[in-house]
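Asker: kindly generate the corresponding structure for this input.
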Amino acid sequence: MRLAPRLLALALAAALGACGATISGINSRPDKYYEHKVTFTGSVQRMQFLAHETLLEVADSRGGRIIVRSSEPVEVEVGEWVKVTGVLLPEAKVEDVVVYDVVTAEKIRRTRPPRFRNLM
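Answerer: A predicted model of the protein is given here:
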C-alpha cells in the first residue's frame with residue numbers, strides 16, 4: 001500500500017522534470033541558455049519578413065516573449081502555436097541592427113496550445 005504513493009510521486013517528478021525550457025524561464029536566466037539548443041512552445045504574436053530571413057515574436061502562456069530568427073521560410077500565421085528548436089544567442093545582427101537574446105531557429109513547426117495553461 002505504501003508503494004503506490006511513492007510511485008505516484010516519482011511519476012509526478014518525472015513528468016515535471018521532462019518539461020523543457022519555457023520562454024519565461026529563458027528570459028529569467030538567459031546566460032544559462034546562451035549557445036545551447038533550446039526547445040519551447042508559444043504563440044506567434046508578430047511576424048516580420050525581411051530580405052533573407054523572417055523574425056517572429058513568440059509568447060508563452062505566461063506572457064514571456066522572445067525573438068526567433070529563421071533563415072528558412074516559415075509557414076505559420078500570427079496567433080498560431082508553434083514549437084521552436086534552435087540556439088539562443090546573446091546577440092545577432094539582423095540587417096544592420098544588433099538584436100539581443102535571439103533564438104536562431106533550426107526548426108519551427110505548428111503545435112497545439114497547452115492543455116493546462118498557467119498550471120505552474
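Asker: list the contacts for the residue positioned nearest the centre of the chain?
Answerer: Computing the C-alpha centroid of the chain and ranking residues by C-alpha atoms, centre = their mean puts F40 first, at 2.9 Å. Residues in contact with F40, defined by C-beta atoms under 8 Å, 6 or more residues apart in numbering, are 20-23, 26, 58, 60, 66, 83-84. C-beta here means a position set from N, CA and C on the backbone, and glycine is covered the same way.
Asker: what mean pLDDT does the helix or strand containing it get?
Answerer: F40 belongs to strand 37-49 when assigned by DSSP states H and E. Averaging pLDDT along strand 37-49 yields 96.
Asker: which residues does stretch 66-73 contact?
Answerer: Stretch 66-73 has contacts (C-beta under 8 Å, 6+ apart) with 23, 26-27, 40, 42, 52-58, 84, 86, 92, 94, 99, 101-105, 108.
Asker: cool, and stretch 83-101?
Answerer: Contacts to stretch 83-101, defined as C-beta under 8 Å, 6+ apart, come from residues 26-27, 30, 33-42, 50-51, 53, 55, 58, 66-69, 102-111.
Asker: where are the low-confidence patches of this structure?
Answerer: 1-19, 117-120 (pLDDT under 70).
Asker: tell me which stretches of it form helices.
Answerer: Under the criterion DSSP state H, helices of the chain are mapped to 3-17, 23-28, 30-33.
Asker: so who does the closest residue to L88 other than its chain neighbours touch?
Answerer: In space, and not counting its chain neighbours, L88 is closest to Y33: 4.6 Å by C-beta to C-beta, 6 or more residues apart in numbering. Applying C-beta under 8 Å, 6+ apart to Y33 gives the contacts 21, 26, 88.
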